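Chemist: I would like the atomic coordinates for the input below:
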Amino acid sequence: QLHLVESGGGLVQSGGSLRLSCAVSGFTLDDYSIAWFRQSPGKEREGVSCISATYDTTHYADSVKGRFTVSKNYAKNTTYLQMNNLKPEDTAVYYCAAPMYRVLCNGYFREYEYETWGQGTQVTIST
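Modeler: Now for the predicted structure:
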């Protein structure tokens, strides 16, 4: 059974950094791509980044390009989202997700293509 657990959220000032972690179990990171989504109050959930199962190809939403970096540690079976130069509009609950089509990571971030989700971690950026 696939299982994902996010951690690393918190409260930081604008311009600060956070690193989110997504620990996975029930599968390995060379079997499944992982995507990061986020949802702010009153807004739809949006895709942020993904890293592919093969070749470690990455994609980013335009709103985070140049500030966020996704990576993974095969030994720890964990994916990371390094977030720098954070802005108040980055405030959201951040989720990691595994797709139905295991190697999917195309930058379109369609929610219906992801069937396994973590519980989310809150990120709050203060001005």
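Chemist: contacts, neighbours, all on C-alpha from now
Modeler: OK.
Chemist: Spatially nearest residue to the residue at minimal distance from the centre of the chain (excluding sequence neighbours)?
Modeler: A centroid search over the chain (CA atoms, centre = their mean) returns residue 36, at 2.2 Å, as the residue closest to the centre. Nearest non-adjacent residue to residue 36, counting by CA to CA, 6 or more residues apart in numbering: residue 96, 4.4 Å away.
Chemist: which residues are in contact with the helix or strand that contains that neighbour?
Modeler: Using DSSP states H and E, residue 96 maps to strand 92-99. Strand 92-99 has contacts (CA atoms under 8 Å, 6 or more residues apart in numbering) with 4-6, 22, 32-41, 113-124.
Chemist: What average pLDDT does that strand get?
Modeler: Across strand 92-99, pLDDT averages out at 97.
Chemist: Dump the C-alpha coordinates for it into PDB.
Modeler: What follows is strand 92-99 as a C-alpha-only set of coordinates in PDB (Å, rounded to 0.1, in the frame of the first residue of the first chain):
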ATOM      1  CA  ALA A  92      -0.800  27.200   1.700                       C
ATOM      2  CA  VAL A  93      -1.100  23.600   2.700                       C
ATOM      3  CA  TYR A  94       1.400  21.700   0.700                       C
ATOM      4  CA  TYR A  95       0.800  18.100  -0.400                       C
ATOM      5  CA  CYS A  96       2.800  15.500  -2.100                       C
ATOM      6  CA  ALA A  97       1.200  13.000  -4.400                       C
ATOM      7  CA  ALA A  98       1.900   9.900  -6.500                       C
ATOM      8  CA  PRO A  99       0.300   9.500  -9.900                       C
END
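Chemist: List the strands paired with it, with their directions.
Modeler: Within its sheet, strand 92-99 is paired with strand 34-39 (antiparallel), strand 114-117 (antiparallel), strand 121-126 (antiparallel), according to DSSP bridges.
Chemist: most tightly surrounded among these?
Modeler: Stretch with highest mean neighbour count among these: strand 34-39 (a mean of 25; mean count of other CA atoms under 10 Å).
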